[in-house]
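Trainee: quick one, what's the 3D model for this:
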Amino acid sequence: WRNGIANTTASSAMLAALLGVPAAQMVGAGTGIDSTQQAHKAAVIERALANRQANPDDPLEVLCKLGGLEIAAMAGAYLAAAAHRVPAVVDGFIATVAALTACRMAPALCDYLVFGHRSAEPGHVLALEAWRRSRCWPWKCAWARVVGRRWLTRCYRLPPLCSVTWPRSPRRG
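Mentor: Numbers count the residues shown, from 1 in each chain. The predicted structure is shown next:
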């Protein structure tokens, strides 16, 4: 893989809009981009924020104008889990942005969330701080989501509701 699929870009844009923080503070290496690519990524996000003008007080508008379908699906899954009084594991940066968006739509949802790990993305730390959820499992890596899900399902003795086999990135191993 030369580049990622841009889901941290959409997540960073959403989080910058929701928190009112400059994109440069959100952007990390993602799938292994260098500092020049990170600066370009931040500039792209700033242009999207300027062009889309998403209202930070309207999380659905932020999602519609800056998010992707995968983030919308996760936000919907968190809302559905809470509606059925089922806890949900939030595992990683993109999932945290989806959960934060959903919690801004329905604050009671927050009581049903368990955080899996803190990723290496700088935006993830800011998202967790926005929630005062900095006490996550101390795994700081991009591919810990699978490990976190497996560990948490054993810890809580819950069967996984879904399982995803992630392709291995040559850079991450």
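
Trainee: and for the lengthiest helix in the chain, what's in contact with it?
Mentor: In terms of residue count, the longest helix belonging to the chain (DSSP state H) is helix 35-52. Here helix 35-52 makes contact (Cβ atoms under 8 Å, 6 or more residues apart in numbering) with 9, 12-13, 16-17, 22-24, 26-30, 33, 65-66. For the C-beta atoms, the positions are set from N, CA and C on the backbone; glycine is no exception.

Trainee: how distant is the next helix-or-strand element following it from the center of its chain?
Mentor: For helix 35-52, the succeeding helix or strand toward the C-terminus, using DSSP states H and E, is helix 59-66. Mean-position distance between helix 59-66 and its chain equals 14 Å (Cα atoms, centre = their mean, to the nearest Å).

Trainee: which residues touch whichever helix or strand comes after helix 59-66?
Mentor: Per DSSP H and E, the first helix or strand lying C-terminal to helix 59-66 is helix 69-83. The contact list for helix 69-83, computed with Cβ under 8 Å, 6+ apart, reads 7, 10-11, 14, 63, 87-88, 90, 94-95, 97-99, 101-103, 105-106, 108-109, 111-113.

Trainee: of the residues you listed, keep whichever come out buried.
Mentor: 7, 10-11, 14, 63, 88, 90, 94-95, 97-99, 101-103, 109, 112-113 (16 or more other Cβ atoms under 10 Å).

Trainee: cross these against strands and list the overlap.
Mentor: 88, 90, 113 (DSSP state E).
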